[in-house]
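Visitor: got a predicted structure plus its sequence, pasted below:
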Amino acid sequence: MSPRRSVADTLETRQRILDRSLAIASAEGLEGLTIGRLATELGMSKAGLLGHFGTKEALQLAVVDQAAEVFLREVPRKVKQMPSGLPRLIDVCEAWVSYLEREVLPGGCFFTAATAEFDGRSGRVRDALAGMNALWRRDLRIHIRRAVSDGDLKPDTDVEQLIYEILGVMLALNHFLQLEHDSAAPRRARQALKRLLTK
């Protein structure tokens with residue numbers, strides 16, 4: 001086997017591990033990831049699987065990164081061609097609702113589940129989750145401030161309050177989709193967002 005093929009195989013195997021790990025973690029939490037279970041499901045040895053990450057914590061951190069990549073692909077990158085400000089904010093929110101509505105991950109929003117699992121802990125996984133959430137709030141803040149400066153939102157808009165309320169709508173949407181299996185939840189979320197984002 002050529003060195004190039006060996007590297008490609010290694011990367012492909014790592015991606016298979018991450019894809020399966022993310023699917024499990026979205027439904028059962030990051031603590032639901034066990035090396036034994038993953039090795040069995042993927043037809044690998046435990047040593048072979050650990051060789052890609054080294055530790056369970058390193059695997060969890062890689063899953064957080066993989067979840068962020070999926071979210072970026074499904075939400076902000078889908079609307080990057082829209083002008084910044086309110087048009088992009090509206091489209092970002094719609095892409096976010098669609099992401100949850102289409103159940104891209106079997107357990108709904110990975111970050112909602114993982115944050116609830118790790119918010120009371122300390123450590124690198126919690127810090128990574130907090131960092132991802134801070135980056136997403138920063139992006140929302142940029143769009144809201146631009147919408148205010150463009151005159152699309154009221155000049156006295158409380159930016160932090162609006163971020164809080166948008167996140168609240170999305171948390172409620174994930175809750176009603178996952179726990180209640182409420183097919184009306186996306187419609188309700190869209191209605192709530194429309195009220196929030198209308199001048």
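Guide: Sure, I can see it. Just so we're clear, the structure is a prediction, and the values are computed from it rather than from any experiment.

Visitor: got a pLDDT number for Gly51?
Guide: As predicted, Gly51 sits at a pLDDT of 89.

Visitor: in this structure, where is pLDDT below threshold?
Guide: Applying pLDDT under 70 to the predicted model, the residue ranges of the chain that meet it are 1-5.

Visitor: what about the helices in it?
Guide: For the chain, the helices defined by DSSP state H cover 3-28, 35-42, 46-50, 56-74, 86-101, 110-118, 124-149, 159-178, 185-196.

Visitor: what's the third one packed up against?
Guide: Spelled out, that is helix 46-50. Under the contact definition 3 or more Cβ pairs under 8 Å, 6 or more residues apart in numbering; DSSP states H and E, helix 46-50 sits against helix 35-42. (C-beta placed from N, C-alpha, C; glycine too.)

Visitor: what comes into contact with the helix it packs on?
Guide: Residues external to helix 35-42 that are found in contact with it (Cβ atoms under 8 Å, 6 or more residues apart in numbering): 16-17, 20-21, 24, 44-46, 48-50, 56, 59.

Visitor: how far out from the middle of the chain is that helix?
Guide: A distance of 24 Å separates the centroid of the chain from that of helix 35-42, by Cα atoms, centre = their mean, to the nearest Å.

Visitor: just name the closest of the contacts of helix 35-42 to Glu103, please.
Guide: Comparing these against Glu103 with Cβ to Cβ places Ile24 closest, at 14.9 Å.

Visitor: one step back: save the helices of the chain as CSV, and put in distance to Lys80 and mean neighbour count too.
Guide: Rendered in CSV, the data for the helices of the chain read as follows (distance: least, Cβ to Cβ, whole Å; neighbours: other Cβ atoms under 10 Å):
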stretch, distance to Lys80, mean neighbour count
helix 3-28, 23, 15
helix 35-42, 33, 15
helix 46-50, 35, 14
helix 56-74, 10, 18
helix 86-101, 8, 20
helix 110-118, 20, 20
helix 124-149, 11, 16
helix 159-178, 19, 17
helix 185-196, 19, 16
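
Visitor: looking at the contacts of helix 35-42, spot the one nearest Gly107.
Guide: Where those are concerned, and distances follow Cβ to Cβ, Gly107 has its nearest neighbour in Ile24, at 8.5 Å.

Visitor: can I assume the closest one is in contact with Leu18?
Guide: No. At 10.8 Å, Ile24 does not count as touching Leu18 under the criterion of Cβ atoms under 8 Å.

Visitor: I'd guessed Val92 sits against Leu72; true?
Guide: No. With contact defined as Cβ under 8 Å, Val92 and Leu72 do not form a contacting pair (11.4 Å).

Visitor: show me what contacts Glu103?
Guide: Remark: with contacts taken as Cβ under 8 Å, 6+ apart, Glu103 is in contact with Leu177.

Visitor: switch the cut-off to 10 Å
Guide: For Glu103, the residues meeting the contact criterion (Cβ atoms under 10 Å, 6 or more residues apart in numbering) are 26, 177-178.
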